[in-house]
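1. Model the following, please.
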Amino acid sequence: MKQCPECSTQYEDDLAFCPKDGRALIAKTIMSARLCPQCANSISADAVKCPYCNADFGPTPDTQWPTREEPALQAKPLRVRDKISTVSLAVFGIGVIVFAAGLFLVFGQWQHPELPVAPQDNTKDFQQRDQKIQSLESELNRVRQELTERSDEASELKTKLDETQKDLVTMQQRLAIANREVERVASSRAQPPAVSTPPRPADTSPPPPAPSRRAAPPGTYETIRSTTVYEGPSGSSRVLTKITKGTRVEVVRSSGDWLEVRSKHGNPPGFVRADDAMFVSRTN
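-> The predicted model follows:
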């Protein structure tokens with residue numbers, strides 16, 4: 001193995017120069033070492049610059065640390081000029097303490113990794129989000145309650161509307177009957193007054209029977225005015241529906257002044273007045 005005298009980097013024997021510094025490599029076995037007076041790391045004896053702390057060595061003699069080659073038990077007598085200064089001892093002690101603290105921190109953190117602690121800002125964000133969610137839930141409950149109340153009001157209004165429509169149909173039926181009566185009264189008043197004749201003696205014979213109305217033939221009829229369909233052949237019967245003018249109905253038979261009609265849509269049969277419909281054609 002070879003070693004650079006400048007940076008103390010070791011290389012294989014096939015290299016002759018250091019790729020970093022360009023210095024000629026020397027054999028490691030014949031190379032003497034010393035301690036850096038600044039950081040106390042082992043460096044080459046003829047190195048002019050420490051590869052660890054980058055300290056430059058001037059022409060003045062530096063503080064010499066004891067090397068490995070000197071035996072520990074053979075202490076040479078030190079002169080005053082060879083004593084280590086107080087500043088160098090302080091630097092060396094601080095360097096050792098820093099180095100030991102670094103090792104402790106590195107190996108301690110590697111063996112006992114600390115779990116990440118959630119910062120306080122994240123806790124505040126979570127609390128704010130919870131408050132927003134609670135406020136949104138309260139707003140949603142309020143909207144649901146309002147929707148339920150509106151639905152109840154809509155149901156009540158619909159019930160009132162149905163009752164109003166029923167009352168309107170009843171009033172329309174009564175109005176149609178009243179209009180029919182008015183038309184009959186008006187037609188009777190339009191007839192010329194009868195000539196007064198002397199009173200005849202009372203006739204005790206029973207009155208002749210009223211001429212029977214000719215039965216209307218079954219077939220298709222068309223209403224000549226707006227009319228009402230009753231459940232039976234009587235104006236006091238229950239009203240089924242009301243049909244407009246020009247509506248065609250199927251008549252199956254007649255009963256006096258009434259025509260029995262049948263619905264093509266499956267509705268129950270009913271009766272209309274014969275005066276309100278006009279014969280169109282016979283049923284095939």
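2. Shouldn't Val280 be within a strand?
-> Yes. Counting by DSSP: H, G, I helix; E, B strand; the rest coil, Val280 falls inside a strand.
3. Pull the number of nearby residues for the closest residue to it other than its chain neighbours.
-> Residue nearest to Val280 in three dimensions, not counting chain neighbours: Thr220, with 4.6 Å by Cβ to Cβ, 6 or more residues apart in numbering. Placement of C-beta: from N, CA and C, glycine included. Neighbour count of Thr220, defined by other Cβ atoms under 10 Å: 15.
4. helix/strand/coil for Thr220?
-> strand.
5. Give the burial count for Thr227, as a bare number.
-> Neighbours around Thr227, by other Cβ under 10 Å: 20.
6. ok, now Val261?
-> Neighbours of Val261 (other Cβ under 10 Å): 22.
7. mean confidence for the host helix or strand of Ala178?
-> Using DSSP states H and E, the element containing Ala178 is helix 120-190. Per-residue pLDDT over helix 120-190 has a mean of 87.
8. picking up where we left off before, which pLDDT value does the model give the residue nearest to Val280?
-> If you check Thr220, the pLDDT there is 88.
9. Hmm, it is touching Thr283, no?
-> Yes. The criterion here is Cβ atoms under 8 Å, and Thr220 meets it with Thr283 at 6.7 Å.
10. Find residues that contact each of the two.
-> Glu250 (Cβ atoms under 8 Å, 6 or more residues apart in numbering).
11. Work out the gap between stretch 146-156 and the centre of the chain.
-> With Cα atoms, centre = their mean, to the nearest Å as the basis, stretch 146-156 stands 24 Å off its chain's centre.
12. Any buried residues in it, and which?
-> Across stretch 146-156, burial judged by 16 or more other Cβ atoms under 10 Å covers no residue at all.
13. May I ask which helix or strand of the protein has the lowest mean pLDDT?
-> Ranking every helix and strand in the chain by mean pLDDT, DSSP states H and E puts helix 86-111 at the bottom, with a mean of 72.
14. how far away is Cys18 from Ser281?
-> Distance, Cys18 to Ser281, by Cβ to Cβ, to the nearest Å: 127 Å.
15. Sorry, wrong one. I was asking about Asn267.
-> Counting by Cβ to Cβ, the gap from Asn267 to Ser281 is 22 Å.
16. What of Arg184?
-> From Arg184 to Ser281 the distance is 29 Å (Cβ to Cβ).
17. do the same with Lys2
-> Distance, Lys2 to Ser281, by Cβ to Cβ: 130 Å.
18. quick one, which of those two is more surrounded?
-> The neighbour comparison of Lys2 against Ser281 (other Cβ under 10 Å) goes to Lys2, with 20 against 11.
19. ok, the nearest residue to that one once chain neighbours are set aside - contacts?
-> For Lys2, ignoring the flanking residues on the chain, the nearest one in space by Cβ to Cβ, 6+ apart is Leu25 at 3.8 Å. Neighbour list for Leu25: Lys2, Gln3, Cys4, Tyr11, Leu15, Ala16, Phe17, Cys18 [criterion: Cβ under 8 Å, 6+ apart].
20. out of these, which are buried?
-> Here, 16+ other Cβ under 10 Å leaves Lys2, Gln3, Cys4, Tyr11, Cys18 buried among the contacts of Leu25.
21. Including secondary structure and pLDDT, could those go into a markdown table?
-> Formatted as a markdown table, these follow (DSSP: H, G, I helix; E, B strand; the rest coil; pLDDT from 0 to 100):
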| residue | secondary structure | pLDDT |
| --- | --- | --- |
| Lys2 | strand | 80 |
| Gln3 | strand | 79 |
| Cys4 | coil | 82 |
| Tyr11 | strand | 82 |
| Cys18 | coil | 85 |
